[in-house]
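Chemist: Predicted model follows, preceded by the sequence.
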Amino acid sequence: MSTAGGLQDALSGLLTVATRAGIAEDAARGEALSLAAALAESAPGAPADWAKAVPGGTTQDFFDAAVRGRRWRGAPTAVLTELIANSSPEKAAYAEALAEIASAACTLGEPTMRVVGNASVAAAAQLQAAGARQLQVGAITPPADASHAPQAAPAPAASAEAVEAAEPAKTVEELLAELDELTGLARVKQEVHRQVAVLRVEKLRTEAGLKSPTITRHLVFVGNPGTGKTTVARLVSGIYKALGLLSKGQLIEVDRSELVAGYLGQTATKTAEVVASAAGGVLFIDEAYSLTAGDTGADQYGREAVDTLVKEMEDRRDDLVVIVAGYPQPMEAFIAANPGLASRFRTTIEFENYTDDELTDILTGLAEASDYELVPESLDKFREILVATPRDSSFGNGRFARNVLEAAIGRHAWRLRDVTAPTTDQLRQILAEDLTDEQIEDEDQGDQA
């Protein structure tokens, strides 16, 4: 089977599930192809193979798709998030179909260990989010010969129990407990707890017929990359739903490219459609300052997007929360650029960089979530890597830890390439030699997984 054929087959299976779930085919296809591109981005020859599976696709389309899909390498995709928020019976099947997309991405171009690691972590993230089967360690393995692409064992169909079981909605207390269990972020946790207390009392006062000042629910998250902003935004969306402030509680994550179109007039329509998809939940705009950045302020497309966003926030104020995120100083300029923004974003939450101990905890948690074990020597090696890594504004924090793990999973699989019947410990354990002291590139835009 050709590499393009493998991706096409996986895509066909995913679209079948999407149809059953009532998901628009274009939305499912778009995110699946973006995920595949993001996973295979570092594989030589992957753009050409990917383009063969996409009618009219080009190499530039591949790299554009990869940028959009990077956020899903460690978190559930937008469609899966919506299915989970709606307690869809197809959420487990869709997550497994995404795992097949991850598997097919390993067949694009010439195989690399980094791609194998990316695919393993991404597949586990989709399955874990949907409560589907956990990724079987060793299911995605590199080839014994680098001239052949790695193959993955086929994912079994979700059990009837997994598909039909509807998980009860989480309570505010359960979601706050999940927040408190996150590594670090002490100030963030304190502010979210404060916000919850204020909003809870406001809701109770309204129900009691008492007057209550209008409290904006929209938030500004500031901090360096990889400090957990997306993770906290996802929890906030669930908390607001549990409080009865949102009807669905899904998180829709976008950036400038998904709000701005190529022509004036189209941007307003595109932005409005994105906001509509987030209605009932949270719209999370990463690097929001890019809409107003520039030597002369916002360009005409960015201004159109911001103006439309402000209008939509007003029209949907009863069932929409917007969270904007980015570096501290650019975000101050973004909020000040439009009076409508300044009046709606009054609460700013700062995300601090992680310490070495916190990054080690994050690495360990990511490994456990994918059913790997970091032996003590490998943790010592990771701490050595952290000491040698510059901590400027481009440092990826939790993203850095995830990238280290992805690379280590690839090396682990390559190390076992000639082991005919590896033991369970061999399949699970990441050794010091699987980590590298080479600089890990922060090539994606995700936050703590």
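Modeler: Looks like it arrived, so ask away. The structure displayed is predicted, hence computed values, not measured ones.

Chemist: Mind naming the longest helix for this protein?
Modeler: Taking DSSP state H as the criterion, the chain has its longest helix at helix 186-207.

Chemist: Could you list every helix and strand in contact with that one?
Modeler: Helices and strands touching helix 186-207, by 3 or more Cβ pairs under 8 Å, 6 or more residues apart in numbering; DSSP states H and E, are helix 172-181, helix 229-242, strand 347-351. Every residue, glycine included, has its C-beta placed from N, CA and C.

Chemist: hey, which of the ones you listed is tucked in deepest?
Modeler: helix 229-242 (a mean of 24; mean count of other Cβ atoms under 10 Å).

Chemist: Does anything pack onto whatever helix or strand comes next after that helix? Which helices or strands?
Modeler: Going down the chain from helix 229-242, the next helix or strand is strand 251-254, by DSSP states H and E. Helices and strands touching strand 251-254, by 3+ Cβ pairs under 8 Å, 6+ apart, are helix 78-85, helix 229-242, helix 266-278, strand 282-286.

Chemist: Those: which one's closest to residue 413?
Modeler: Closest to residue 413 of these, according to Cβ to Cβ: helix 78-85, at 25.2 Å.

Chemist: Give the rounded mean pLDDT of that closest one.
Modeler: The pLDDT scores in helix 78-85 average 84.

Chemist: Which element is encountered next along the chain beyond that helix?
Modeler: Using DSSP H and E, the first helix or strand after helix 78-85 is helix 91-105.

Chemist: between the helices and strands packed on strand 251-254, which gets nearest to residue 429?
Modeler: helix 229-242 (26.7 Å).

Chemist: hang on, the earlier thing: okay, the helices and strands packed on helix 186-207 in TSV with mean pLDDT and distance to residue 204 next?
Modeler: Formatted as TSV, the helices and strands packed on helix 186-207 follow (pLDDT from 0 to 100; distance: least, Cβ to Cβ, whole Å):
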stretch	mean pLDDT	distance to residue 204
helix 172-181	92	13
helix 229-242	91	14
strand 347-351	92	20
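
Chemist: Rebuild these as a markdown table, extending it with distance to residue 74.
Modeler: Below are the helices and strands packed on helix 186-207 laid out as a markdown table (distance: least, Cβ to Cβ, whole Å):
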| stretch | distance to residue 74 |
| --- | --- |
| helix 172-181 | 16 |
| helix 229-242 | 9 |
| strand 347-351 | 16 |
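
Chemist: quick one, which of these is nearest to residue 217?
Modeler: Closest among those, once you apply Cβ to Cβ, is helix 229-242, at 6.8 Å.

Chemist: got the angle between the closest one and strand 347-351?
Modeler: 140 degrees (axes from the mean of the first three to the mean of the last three Cα atoms, to 10 degrees).

Chemist: Who are the packing partners of helix 229-242?
Modeler: helix 172-181, helix 186-207, strand 219-223, strand 251-254, strand 282-286, strand 321-326, strand 347-351.

Chemist: Please pull out the lowest mean pLDDT helix or strand from this structure.
Modeler: Of all helical and strand segments in the chain, the minimum by mean pLDDT, DSSP states H and E falls on helix 160-164, at a mean of 37.

Chemist: what about the nearest residue in space to residue 300 that is not next to it in sequence, which SS state?
Modeler: Among residues not flanking residue 300 along the chain, residue 264 sits closest, at 6.2 Å (Cβ to Cβ, 6 or more residues apart in numbering). Local secondary structure at residue 264 is given as coil here, using DSSP: H, G, I helix; E, B strand; the rest coil.

Chemist: per-residue confidence at residue 264?
Modeler: The model's pLDDT for residue 264 equals 73.

Chemist: on that earlier part again, out of the helices and strands packed on helix 229-242, flag the one nearest residue 391.
Modeler: strand 219-223 (13.5 Å).

Chemist: Buried residues in the closest one, which are they?
Modeler: Buried residues in strand 219-223, counted by 16 or more other Cβ atoms under 10 Å: 219-223.

Chemist: And those residues, which is closest to residue 56?
Modeler: residue 221 (37.3 Å).

Chemist: Tell me the spacing between the closest one and residue 233.
Modeler: Residue 221 sits 7 Å away from residue 233 when distances are taken as Cβ to Cβ, to the nearest Å.

Chemist: Please identify every residue contacting each of those two.
Modeler: 323, 325 (Cβ atoms under 8 Å, 6 or more residues apart in numbering).

Chemist: Could you list the low-pLDDT ranges of the stretch 1-150 of the chain?
Modeler: Low-confidence segments of the stretch 1-150 of the chain, defined by pLDDT under 70: 1-5, 111, 132-150.

Chemist: related to what we said a few turns ago, now distance to residue 435 too, for the helices and strands packed on strand 251-254, in JSON lines please.
Modeler: Output for the helices and strands packed on strand 251-254, formatted as JSON lines (distance: least, Cβ to Cβ, whole Å):
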{"stretch": "helix 78-85", "distance to residue 435": "30"}
{"stretch": "helix 229-242", "distance to residue 435": "24"}
{"stretch": "helix 266-278", "distance to residue 435": "38"}
{"stretch": "strand 282-286", "distance to residue 435": "28"}
